[in-house]
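Q: How does the following fold in three dimensions:
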Amino acid sequence: MATPHASPAPTRIARFGVFEANLGTGELRKNGARISLQEQPFHLLVLLLGRPGDVIGREEITKKLWDPDVFVDFDKSLNTAVNKVREALGDSATNPKYVETLAKRGYRFLGQVVWIREDPPKPDPGPPSRTVTRGLFGLIQIMYLIFYVEALFYFREIERVAGTFLPGWASFAIMAATIVTAGVGIPVRCYLLSAAAFDYELLGEKFQQLFLFILVLDELWGIAPFLMAQKIGFGAAFAATCGLLYVPFSERTLINMAYPKLRLSRSVALG
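A: Okay, the predicted model is just below:
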């Protein structure tokens, strides 16, 4: 019994001369063009192709092509099938190129046969699980919430660090930006997190509307690691900043993967 998830078997194809017999589809082609050939003649051709150069007796062919319980004139039917094969191949009994008749013995295939395997196309894996993409998007929101809360909790420490290498006005600007962006960012992140958690169907559209604001917000927070450059080193701060600057674009990618309907509807409308 076949399993529900069994992979389809590869198709066997026999090539001889300008012809090609596809056992999977039951088709005979000449230079790529399909040639009409009925089922029984095709089965006869496949039987001969399977043993090129061998003489296959009429009795053996009859047993393989017809059920013994079926009432039929086997000799006449076999002759008809052979003639159909020759007609399809443009062959003749008097000067055979492919199918040779051996009197009172059987038939032999004369051509050279090359067998190939045609693997079925691999199924499209499709987009990643929506649950996975929503989960990753939610983790990014949690990461930013932690950033905001940590910045507000250690506000005085950040102010002290900024004051050690920045002029007073620049330090004040950074602290003001920290308060404003954290104050605005917390509700925005809570909204995005809850929308992703409850699989809000309009989240894709809402995020596109908010993207420019989120991009500016995230880019501002992207330079935050430089406030810790004295502790972690300039190289580490630079690497962390590069990663954070990319995060808003990864958010957009995750949203587009989880909620693609918006993009499809827009493309249809524009078309």
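Q: Please count neighbours and contacts with C-alpha atoms only from this point.
A: OK.
Q: Helices of this structure, residue ranges please.
A: 39-49, 58-65, 74-89, 130-153, 155-165, 168-197, 203-222, 229-232, 234-258, 261-270 (DSSP state H).
Q: Packed most tightly, which of these would that be?
A: Compared across the helices of the chain, helix 39-49 shows the largest average neighbour count, a mean of 20 (mean count of other C-alpha atoms under 10 Å).
Q: Any idea how far that helix is from the middle of the chain?
A: Helix 39-49 sits 37 Å away from the centroid of its parent chain (C-alpha atoms, centre = their mean, to the nearest Å).
Q: repeat for stretch 41-51
A: For stretch 41-51, the distance to the chain centre is 37 Å (C-alpha atoms, centre = their mean).
Q: hmm, who's touching that stretch?
A: Residues from elsewhere that reach stretch 41-51 (C-alpha atoms under 8 Å, 6 or more residues apart in numbering): 14, 21, 23, 26-28, 56, 61, 65, 81-82, 84-85, 107-109, 113.
Q: thinking again about what came up before, for the helices of the chain, could you give me CSV that also reports distance to residue 98 and mean pLDDT?
A: Shown next, in CSV, are those (distance: least, C-alpha to C-alpha, whole Å; pLDDT from 0 to 100):
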stretch, distance to residue 98, mean pLDDT
helix 39-49, 10, 89
helix 58-65, 17, 84
helix 74-89, 8, 87
helix 130-153, 57, 85
helix 155-165, 88, 67
helix 168-197, 67, 81
helix 203-222, 63, 84
helix 229-232, 80, 64
helix 234-258, 56, 82
helix 261-270, 54, 46
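Q: Turn those into JSON lines, columns for distance to residue 117.
A: Below are the helices of the chain laid out as JSON lines (distance: least, C-alpha to C-alpha, whole Å):
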{"stretch": "helix 39-49", "distance to residue 117": "15"}
{"stretch": "helix 58-65", "distance to residue 117": "23"}
{"stretch": "helix 74-89", "distance to residue 117": "22"}
{"stretch": "helix 130-153", "distance to residue 117": "36"}
{"stretch": "helix 155-165", "distance to residue 117": "67"}
{"stretch": "helix 168-197", "distance to residue 117": "46"}
{"stretch": "helix 203-222", "distance to residue 117": "45"}
{"stretch": "helix 229-232", "distance to residue 117": "58"}
{"stretch": "helix 234-258", "distance to residue 117": "36"}
{"stretch": "helix 261-270", "distance to residue 117": "38"}
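Q: quick one: which of these is nearest residue 103?
A: Closest to residue 103 of those is helix 58-65 (C-alpha to C-alpha; 10.2 Å).
Q: list the helices and strands the closest one packs on?
A: On a contact count with 3 or more C-alpha pairs under 8 Å, 6 or more residues apart in numbering; DSSP states H and E, helix 58-65 meets helix 39-49, helix 74-89.
Q: what residues does that helix touch?
A: Contact with helix 58-65 is made by 40, 43-44, 47, 74, 78, 105-107, as judged by C-alpha under 8 Å, 6+ apart.
Q: Since that was my last question, I'll sign off now.
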